[in-house]
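Visitor: Here's my sequence, what's the structure:
(chains A and B)
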Amino acid sequence: MDKQPALQLRGITKQFGKKVLANDDVDLDVYQGEILAILGENGSGKTTLMNMVAGIYFPDKGKIFVDGKETVIRSPKDAFDHRIGMIHQHFKLVDLFSAADNIVLGIKEEKRYNPKETAEKVRQIADRYGFRIDPNKKVYDMSVSEKQTAEIIKVLYRGADILILDEPTAVLTPQEITHLFDVIRRMKEDGKSVIIITHKLNEVMEVSDRVAILRKGRHIATVNTAETTEAELTEMMVGKKINLNINRSDPVNVTPRLEVSGLNLYNKDGIHVLKDISFTANSGEILGIAGIAGSGQRELLESIAGLLPAESGTIFYTGEERVDLRNKNPQEIRQMGVLMSFVPEDRLGMGLVGNMNITDNMMLRTYRKGHFGFLDRKEPRGQATKIVRELEVVTPSLATPVRRLSGGNVQKVLVGREIANNPSVLMTAYPVRGLDINSSYTIYNLMNREKQNGVAVIFVGEDLDVLLALCDRIMVINSGTVTGIVDARMATKEEVGLLMTKSTAREGKEETA
Amino acid sequence: MSRGRNENREPLIHLTKRDDITPVKAWGIRLAAILLGMLFCGLVAFLLIEKLQKNPARIGEFYGDFMKGAFGSERKVWRYLKDVAILLCIALALTPAFRMRFWNIGGEGQTLVGVLGCIGVSFYLGDKVPEWLLLILMLLAALACGALWGLLPAVCKAKWGTNETLFTLMMNYIATYLVAFFLEIWVTNGSGALPQMKHGKLPTVGNEYLLVILIVLALTIGLYIYLNYTKHGYEISVVGESIRTARYIGIDEKRVFLRTMILSGALCGLAGYLIGAGFDLSITTESVGGQGFTAIMVSWLAKFNPIGMILSAGLIQMLNKGAGQITKDFDVPGQLPSVIIGIILFFIIGCEFFINYKIHFRGHSGSKAGKGVTK
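Guide: All right, here's what the predicted structure looks like:
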């Protein structure tokens, strides 16, 4: 191999607190002009490792070599001095500034700031790699993909030769992902080293030259992408063989359970977030909702759950009788005899209370049952014990605050509680986000079980492969409008992807914070 | 240049958060902080107190005063316990609001209007109704006044989202001037001081302090149960931790705000009643004397745990008494006690940093206990 190692890590170790060994003796080589994927489940230490390269964290042990020379990186500035740049999962841009302003922000130059010159330089970089960007566009006007572009150019502008992208595809549509990969390949041809942190196998196979697999903070292996398979990578990532198929049973006893029609909703800022949404969720089936992040999925579920008031429309629920749930609060909905469970996107900020233990979190739904003014913790404790046992929640004890649990275990507690109340409608928003493969499949199985029990399951997802494999029907929304409802057994990924971006002239783009 | 020289060295110190400290170690650090604070106090005292410089042997007496102030005689012990009780009562009153993350810093005013309410009733009805009825009316007036003072900021926060910290703070001033206003009306002899009421004194149980101490003790246990074992207490915790979670499960957070602030204010009113009817039987603008603010610290130091507040209130009053004793024994200006209390509290609060974070020095990647590197 005639390529030079651009970056070498030797024996990198990082520990958080006493118990969490985020990285344990990791060795890694990155060559010039290659795309290296760092693959691992959530919590396997991918981001921590790269944060040490980017100067966010400082390693407890180990050495970093850049271009063969031992280097100490203490701050992001040090990283830039060594031509290393990282694009974080959560963008770090100033909303009120233009793309160009954000790109030069923080650079110390002798000359005075010349917006025109900067814009020109930004344009040159964009042309060179095939980015699409308007240097004068304000960040608050940008789509997620445009923001990401601004972040990447920001790093390139500073002359980075080693680029680290943390889960770059999580927020993009299939089409945008294809474009991003084209750009990355062009950077590689230009001699740059690109590191992509990801847990998505298909992307690894598609774009990378080599894959480094991390598991529980340890470097398991680095393999050439061309010489491996998805199954082999999964096995290395998880540590055992895993069946990646989702069982999809036929819908049972299908009757309309939830009928939404003509739903319109404006958010706090007066933006029209849901436009004339109409659909039916049936009992005994899983209805998927696909769309780019921020297309109105959250608002839709929250308005059904009684958390956001809608402007107009109806939300009819058919149980023992047919009732309209629009603009009822959660307490009223429950008093109407509607058993609705909701697993919100923000687990610790909405679904659970992070500082409370598992038992007290169980009680959230049922605490009103206690006698007189007092709480009855006996039943919730029994429920908590049951969920911990059945869903294999890893926790030191029932008294541990849930924020101390890992993402997967937090989600098991939340989903477990919501299912324990025997719902007739189960709404879940991104229920497997941030979960490892095993926990994800536990959640899929739970949703399937509820479906077989005749529950109307609504599943807002982001991974199209999963949506297509798990759901019976998929509703696609874009900018608050339903652009199509397809049969998940027949539809293709491309079809759904097109519906996700097919907007009627993209008027008034919805970028909800 | 200097950059080049340091190129290959890790940072001098870096901090890591620790979640898993054992209670024993945490209390060890707190104890060490108090001792260090005391030591530092000794140094400062040596620099400032002339008598100590002349006769360094009296440093023992200096430290002894911290004990002597609170426990020097039986009477001192009772007075100390009574002062702890009053401070504790106000701290307890603030705690439900704090648990709700409603930063009620208006304990001073809420307590003062409580005193005003009960003295007002005694002033106007003192000789018109039987003593037992008068005591009940005074209590109701104190509770109502405190509750009103707590409710106003809560209503405005619930309705218009006003900032409760500023609002409750400002209410303190209104309370003070309201008292000044009534003193203008009530005091006609030009002395400015309201003579002691002849009616409306709480009955004596054992000695003049015991009843109040017992009432506050009962309140402590009651509030502990209320916060931890009732639906209301649970709702307060949920609202405090996350308003979005509260809405998600159908708790009307505005109702909880109002209800809890009525309780918080009313309990401050109770403290006012204990001051007014229990001891003072009169009122000045200084009747509460800043305890409404000290109580905030009492509640925080105990991490909003009513039982823990017995300790924190006890500690703070002990420092107060000790500092007072020092003033007397060493004949020093009145500001010195504040300096001493400030220093010790600084150490106590500062040590929480070492409980939450671990410090690593260059070249020592091994563990290092926080207390070893204090200040």
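
Visitor: residues in the stretch 51-200 of chain A within reach of chain B, list them.
Guide: Where proximity means CB under 8 Å from any CB of the partner chain, the interface of the stretch 51-200 of chain A facing chain B comprises A:58, A:60, A:61, A:70, A:71, A:72, A:74. Where you see a C-beta, it was placed from the backbone N, CA and C, and this is true even at glycine.

Visitor: tally of neighbours for the residue of the stretch 201-350 of chain B found nearest chain A?
Guide: Checking the stretch 201-350 of chain B residue by residue against chain A with CB to the nearest CB singles out residue B:250 as nearest, at 3.3 Å. A total of 20 residues lie near residue B:250 under the criterion other CB atoms under 10 Å in any protein chain shown.

Visitor: any low-confidence regions in the stretch 251-375 of chain B?
Guide: B:362-375 (pLDDT under 70).

Visitor: can you give me the helices in it?
Guide: Defined through DSSP state H, counting those that start in this stretch, the helices belonging to the stretch 251-375 of chain B, from first to last, are B:253-275, B:291-301, B:306-330, B:335-356.

Visitor: still on that earlier bit, out of the residues of the stretch 51-200 of chain A next to chain B, which are inside helices?
Guide: Residues from those lying in helices, with DSSP state H as the criterion: none.

Visitor: Which of the residues you listed are buried, as a PyMOL select command?
Guide: Written as a PyMOL command, the selection of buried residues from these, which uses 16 or more other CB atoms under 10 Å in any protein chain shown, is:
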select buried, chain A and resi 58+60+71+72
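
Visitor: Of all the helices of the stretch 251-375 of chain B, which one is nearest residue A:32?
Guide: helix B:335-356 (43.0 Å; CB to CB).

Visitor: tilt between that closest one and helix B:291-301?
Guide: Between helix B:335-356 and helix B:291-301, the angle formed by their directions is 20 degrees, by axes from the mean of the first three to the mean of the last three CA atoms, to 10 degrees.

Visitor: now what about helix B:335-356, what contacts it?
Guide: Taking contacts as CB atoms under 8 Å, 6 or more residues apart in numbering or on different chains, the residues outside helix B:335-356 that touch it are B:17-18, B:21, B:26, B:29-30, B:32-34, B:36-38, B:40-41, B:44-45, B:48-49, B:297, B:301, B:315-316, B:319-320, B:322-324, B:326-327, B:370-371, B:373-375.

Visitor: Can you check the distance spanned by stretch A:206-222, start to finish?
Guide: The stretch stretch A:206-222 measures 16 Å between its terminal residues, going by CA to CA, to the nearest Å.

Visitor: circling back: now a ChimeraX select for only the buried ones of the contacts of helix B:335-356.
Guide: The following ChimeraX selection, which keeps only the buried ones among those, applies the criterion 16+ other CB under 10 Å:
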select /B:18,21,26,29,30,32,33,34,36,37,38,40,41,45,48,49,297,301,315,316,319,320,322,323,326,327,370,371,374
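
Visitor: near chain A, from the contacts of helix B:335-356?
Guide: By CB under 8 Å from any CB, the members of those lying near chain A are B:17, B:18.
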